[in-house]
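S.K.: The sequence and its predicted three-dimensional model are supplied below.
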Amino acid sequence: MLERFKIMSQIYTDYLKEKFDEQGRLTEVDTVYKENFNFAYDVLDRIAKETPNKRALVYKSCHGDVREFTFQEIRTLSNRMANVLKEDGITKGSPVMLILKRRYEFWIAMMALHKLGAVAIPTSHMVSGEDIRERITRADVKAVICVKDSEICKCVAWAGEHVNHNFKRYIVGGKKEGYTYLTEQMDQASDVLERVDTSVKDDMLYYFTSGTSGEPKAVIHDYSYPIAHIITAKYWHGVIDGGLHLTIADSGWAKSAWGKLYGQWFCQCAVMVYDYDKFYANEIMRILEEQKITSFCAPPTIYKYLIREKMEDYDLSSLTKAVTAGEPMPTEVAEKFYQATGLQIREGFGQTETTLLLCTMDHEKPQKGSIGKPSPLYRMKIVDENNQEVPCRNIGEIVLIPEKPEKIPIGVFKGYLGDEALYKEVWEGGVYHTRDRAYCDEEGNYFFVGRSDDVIKSSGYRIGPSEVEDILMKHPAVFECAVTGYPSVTRGAIVKATIILNKGYEAQPHLKTELQDFVKSHTAIYKYPRKIEFVEELPRTVTGKISRKKIREADFAKLNQSKK
């Protein structure tokens with residue numbers, strides 16, 4: 001045990017220098033790394049050399065198959081995959097798209113691409129053929145590695161017919177005509193790989209992310225990016241050396257890099273991967289129990305389903321940490337989870353363009369409704385339209401301010417692929433504009449209000465949707481909801497609530513009145529939803545977040561249609 005902790009400190013503390021106060025709380029950090037730092041060589045391969053039999057990954061399929069991988073196995077397999085790709089012309093700077101769902105090959109592929117100095121483009125399996133075509137064209141993709149899945153293969157085939165250049169196609173999980181069966185090729189490849197020289201400034205990842213308008217942006221991260229996720233894993237997730245961490249996320253999301261790879265392996269904590277096609281809360285509960293998960297991260301929507309299970313029927317004694325991010329956590333859900341487990345869910349905040357910007361750290365007690373305080377890596381402020389800091393309790397935009405002008409902090413993206421104008425726009429005034437709104441209390445806790453375009457302007461009032469959603473979630477009839485602005489001739493906009501009801505409740509007019517009165521009794525009267533719509537499901541982004549934008553667009557379309 002002592003040897004294990006010694007090795008852990010030799011790795012992550014080589015890159016993160018920490019300072020603590022008298023109470024042992026982290027107060028300041030500094031990052032140290034060489035210009036040729038490469039996570040795959042300097043972290044993965046080092047752990048594999050020092051503790052080759054240490055568990056790195058636990059994979060479980062929806063059919064119940066379980067497979068464990070050691071760091072040495074990941075090293076060997078990534079070397080073999082790198083040699084296969086190298087033989088086919090994938091070299092330093094080559095963009096390669098990964099559509100691997102939650103297959104264990106994703107982790108092998110990421111390490112292989114890092115070792116080659118290639119650019120990985122993790123992509124959600126929920127994208128369309130048009131999405132794939134657009135990404136292949138914009139990023140000049142040289143190869144696609146996908147899992148054998150009829151829908152994915154159909155979309156890749158369609159994209160291939162509508163692009164102007166050829167790209168190599170690889171497949172895992174079974175053979176398919178027109179694809180190179182990567183698993184078979186790896187079995188015949190050498191596991192010896194000579195280190196490729198890379199720079200921390202080289203492109204390492206492209207993440208395509210949807211904005212508020214226009215085509216998806218391609219966010220560029222370089223090879224220094226993994227170092228910033230030490231904070232994510234150690235001080236937010238609360239991972240432990242030799243533990244097993246579970247983050248619910250598709251491999252195509254940036255959340256996967258946050259919770260299923262870099263920071264966890266820096267701290268020598270194994271990653272749990274559950275490969276499922278359809279989400280069932282009871283299956284997640286069984287994994288938490290059977291695999292003895294030590295730390296857990298999931299979006300609020302997942303927690304909403306978990307608390308509907310009989311949590312007392314499961315042994316969760318191994319679970320010591322629980323966190324969430326992606327959208328506001330309803331206090332009612334957090335309270336029910338705490339009652340069932342004794343664990344307080346700590347929130348965090350960041351973007352695809354960044355690592356963890358704000359959070360309630362492992363050693364801190366969460367403040368009700370707060371997304372936490374700034375990470376010691378970053379200097380954060382809440383500002384008005386003129387980039388001037390606003391007083392406490394006043395709503396403004398969350399911005400990141402570099403300690404030194406013109407020096408981008410570690411973990412923050414280096415640009416948007418092919419769109420320098422947009423990159424300059426988000427750095428207007430020398431600060432990074434998140435476009436997210438919040439306010440801060442006297443203790444420095446941040447409270448999320450909503451995206452800039454989500455804030456409802458009604459009769460001169462500015463209303464944050466999450467506050468109204470949080471109140472509605474306290475009503476027993478409400479399972480899930482989204483609050484948006486609905487066009488109004490006299491008020492500019494009125495508050496609308498789109499609601500999924502809990503079992504046992506029916507969409508009746510009297511229930512709408514009851515919910516409106518419920519909100520009125522808990523907040524200012526101008527915030528109550530004047531319009532309520534009951535639905536079976538809410539629209540979501542490819543990353544699983546509720547899309548208020550899609551609700552607004554549907555409402556506008558209906559209104560325009562009714563005017564014709």
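M.R.: Yes, it's here. Numbering: from 1, shown residues only.
S.K.: So which residue is dead centre in this structure?
M.R.: By C-alpha atoms, centre = their mean, the chain has its centre lying nearest to Lys255, at 2.2 Å.
S.K.: What strand or helix carries that one?
M.R.: Using DSSP states H and E, the element containing Lys255 is helix 254-259.
S.K.: Against which helices or strands is that helix packed?
M.R.: With contacts defined as 3 or more C-beta pairs under 8 Å, 6 or more residues apart in numbering; DSSP states H and E, helix 254-259 has these neighbours: strand 119-122, strand 203-209, helix 225-230, strand 244-247. The way it works is simple: take the backbone N, C-alpha and C, and place the C-beta from them, glycine included.
S.K.: any idea what sits nearest the residue nearest to the centre of the chain, other than its immediate chain neighbours?
M.R.: Here the nearest residue to Lys255 in space, its sequence neighbours aside, is Ala249; by C-beta to C-beta, 6 or more residues apart in numbering that works out to 4.0 Å.
S.K.: Can you pull the phi and psi angles for the one you found?
M.R.: As for Ala249, its main-chain torsions (degrees, to the nearest 10) stand at phi -170, psi 140.
S.K.: Can you pull the poorly scored residue ranges out of the protein?
M.R.: 1-9, 210-215, 459-460, 462, 563-564 (pLDDT under 70).
S.K.: now the helix holding Lys255, how far from the centre of its chain.
M.R.: How far helix 254-259 lies from its chain's middle: 5 Å, per C-alpha atoms, centre = their mean, to the nearest Å.
S.K.: Same question for stretch 497-517.
M.R.: Centroid separation for stretch 497-517 versus its chain: 31 Å, with C-alpha atoms, centre = their mean.
S.K.: what residues does that stretch touch?
M.R.: Stretch 497-517 is contacted from outside by 468-469, 472, 475-484, 528-538, 551, using C-beta atoms under 8 Å, 6 or more residues apart in numbering.
S.K.: Strands of the stretch 51-200 of the chain, residue ranges please.
M.R.: Taking DSSP state E, counting those that start in this stretch as the test, the strands found in the stretch 51-200 of the chain are 55-61, 66-70, 95-99, 119-122, 143-147, 168-172, 180-181.
S.K.: do you know which of those strands lies nearest Cys297?
M.R.: Nearest to Cys297 among those is strand 55-61 (15.7 Å), distances taken as C-beta to C-beta.
S.K.: still on that earlier bit, tabulate the helices and strands packed on helix 254-259 (CSV), appending mean neighbour count and distance to Pro366.
M.R.: Compiled in CSV, those are given as follows (neighbours: other C-beta atoms under 10 Å; distance: least, C-beta to C-beta, whole Å):
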stretch, mean neighbour count, distance to Pro366
strand 119-122, 24, 30
strand 203-209, 22, 27
helix 225-230, 26, 21
strand 244-247, 24, 18
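S.K.: Am I right that Glu553 falls within a helix?
M.R.: Yes: according to DSSP: H, G, I helix; E, B strand; the rest coil, Glu553 belongs to a helix.
S.K.: what about it, distance to Glu480?
M.R.: Here the distance between Glu553 and Glu480 works out to 19 Å (C-beta to C-beta, to the nearest Å).
S.K.: Which one's more surrounded, the two?
M.R.: Taking neighbours as other C-beta atoms under 10 Å, Glu553 and Glu480 compare with Glu480 leading, 22 against 12.
S.K.: these two touch, right, that one and Ile302?
M.R.: No: the pair Glu480 and Ile302 does not pass the contact test of C-beta atoms under 8 Å, sitting 11.5 Å apart.
S.K.: hey, where'd the strands end up in the stretch 251-400 of the chain?
M.R.: Along the stretch 251-400 of the chain, counting by DSSP E, counting those that start in this stretch, strands occupy 270-275, 295-297, 321-324, 346-350, 356-359, 373-374, 380-383, 396-400.
S.K.: just those strands: most buried one?
M.R.: The densest packing among the strands of the stretch 251-400 of the chain, expressed as mean neighbour count by mean count of other C-beta atoms under 10 Å, is seen in strand 295-297 with a mean of 28.
S.K.: contact partners of that strand?
M.R.: Applying C-beta under 8 Å, 6+ apart, the set of residues contacting strand 295-297 is 237-240, 243, 245-248, 258-259, 269, 288, 319-325.
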